[in-house]
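return atomic coordinates for the entry below.
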Amino acid sequence: MQSINLIKVELQELLVRLSKRTFLLLLLISLGSKLFGQVRHFFVDSVSERYSINHYTLSTKELYGVDFDVELFNVIYGEELTGMQQKDNLILFSVLPDFKTRTNWTKIDPDSLKKEAIVDFYHFRRMYDDITLRNFTALQGDRTKFFNKYKLIVKKGEHFYVSNNCLLQFYSIHDRHDVFNNIFGTINTQQTPHRIVDFEKIFRQTYKGLEFPLYTLREPLKFSWFSRLRDRREYLSDILTNGEGTRLYKFWTYTDWHEHRVYYEIERGIDRFIYLPEKGIVGGSFDFYFYFHRKELGLTVKDFIDNIRAEKVMLDESIGTIKGTL
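Residues are numbered from 1 along each chain as shown. Below is the predicted model:
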């Protein structure tokens, strides 16, 4: 009898401990879900010792047929690596137009934001390490880009403004021989160039009967065979120069369309882009966003595929006219 009572006491203590742990676990899950669902804000500092920032504006009129602007904020910071020269890391904030208000920004009172809704630059440095796989165990799933999870706040005159739509993504600048691996999120200007149309020919010879991943916007859910963790990467397409003889580099992103059409295909991000060394990304395309609004734009699926095949991009007008050197 005494042993039975002892077992009962031990069971009761175990249940109490489990209940406490369950409560703490549920509390953490609850807090985590609230934090995850909360939009967080970053105040852009145009003069900072921790990073440099370069701002570019792209007109959407020629590429997407609507008179909007896309604004690029390149946050660049250096990093010393053992046995190597300093390497630049690039955090790109892309401010996209709101189709309802037809604006990019809304006036905001910074004092109205709670403390936990504001993040500093070091928050993004930690994210950079996770997203670019330096701390790969911290990365869950295949998400590398964030749409409206983070928003920019800028000061214009005496007032502050928050971005209506903001895409956040990260790049590691590794200029080295392409015998080395170029994982997703790498900008390498020393790659051997491959244009989309040339890559498509190689793909069709290798994977007969399969749809080319860049064109799977026609039936996104049908082509789930694409390995987003294994095969995604940025390919150098062309080396360009402007009127001043400055070299620029055109890249395109090798990934598929796999989301249901009621969702943005966020992981495509700025799927084609022009990179200017030491300045950041100065031009690009945002098919994931404008394809979602294609009916409002009067564009067809074919229009987007034609733009992909031709590698069309928007470009900041300050860069001037560019031409290929290949």
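
how about the strands in the stretch 1-150 of the chain?
All strands of the stretch 1-150 of the chain, identified by DSSP state E, counting those that start in this stretch, fall at 40-43, 52-59, 69-79, 87-96, 105-108, 146-147, 150-156.

possible to save the ones you listed as TSV with distance to residue 258, mean neighbour count and mean pLDDT?
All C-beta spots, glycine's among them, are computed from the backbone N, C-alpha and C. As requested, the strands of the stretch 1-150 of the chain are exported to TSV (distance: least, Cβ to Cβ, whole Å; neighbours: other Cβ atoms under 10 Å; pLDDT from 0 to 100):
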stretch	distance to residue 258	mean neighbour count	mean pLDDT
strand 40-43	26	18	95
strand 52-59	26	18	96
strand 69-79	24	20	94
strand 87-96	21	21	93
strand 105-108	31	14	96
strand 146-147	15	18	96
strand 150-156	23	17	95
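
quick one: which of those strands is nearest residue 190?
strand 87-96 (13.5 Å; Cβ to Cβ).

that closest one pairs with which strands, parallel or anti?
According to DSSP bridges, strand 87-96 forms sheet pairs with strand 69-79 (antiparallel), strand 165-173 (antiparallel).

using TSV, please lay out the strands of the stretch 1-150 of the chain together with distance to residue 323.
Shown next, in TSV, are these (distance: least, Cβ to Cβ, whole Å):
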stretch	distance to residue 323
strand 40-43	36
strand 52-59	19
strand 69-79	22
strand 87-96	25
strand 105-108	34
strand 146-147	33
strand 150-156	33
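
of those, which is nearest residue 225?
strand 146-147 (25.0 Å).

so where's the stretch 1-150 of the chain uncertain?
For the stretch 1-150 of the chain, the stretches flagged by pLDDT under 70 are 1-37, 80-86, 133-141.

still on that earlier bit, out of the strands of the stretch 1-150 of the chain, nearest to residue 234?
Here strand 87-96 is closest among the strands of the stretch 1-150 of the chain (Cβ to Cβ), at 11.7 Å.

tilt between the closest one and strand 52-59?
Interaxial angle of strand 87-96 relative to strand 52-59 (axes from the mean of the first three to the mean of the last three Cα atoms, to 10 degrees): 40 degrees.

next one: strand 87-96 to chain centre, how far?
8 Å (Cα atoms, centre = their mean, to the nearest Å).

ok, residues contacting that strand?
Strand 87-96 has contacts (Cβ atoms under 8 Å, 6 or more residues apart in numbering) with 42, 44, 70-79, 81, 104-105, 124, 128, 132, 150, 152, 163-174, 187, 270, 278, 280-281, 284, 286, 289.

go on, stretch 160-168?
With Cβ under 8 Å, 6+ apart, stretch 160-168 has contacts from 41, 91-98, 101, 103-110, 124, 145-155, 266, 269-270, 286, 289.

CA atoms of it as PDB?
Output of stretch 160-168 as PDB, limited to C-alpha atoms (Å, rounded to 0.1, in the frame of the first residue of the first chain):
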ATOM      1  CA  PHE A 160       8.100  60.700 -41.000                       C
ATOM      2  CA  TYR A 161       6.700  58.300 -43.500                       C
ATOM      3  CA  VAL A 162       6.200  54.500 -43.500                       C
ATOM      4  CA  SER A 163       6.400  52.300 -46.600                       C
ATOM      5  CA  ASN A 164       3.000  50.900 -47.700                       C
ATOM      6  CA  ASN A 165       4.600  47.800 -49.200                       C
ATOM      7  CA  CYS A 166       8.100  46.600 -48.500                       C
ATOM      8  CA  LEU A 167      10.100  43.600 -49.700                       C
ATOM      9  CA  LEU A 168      13.200  42.600 -47.600                       C
END
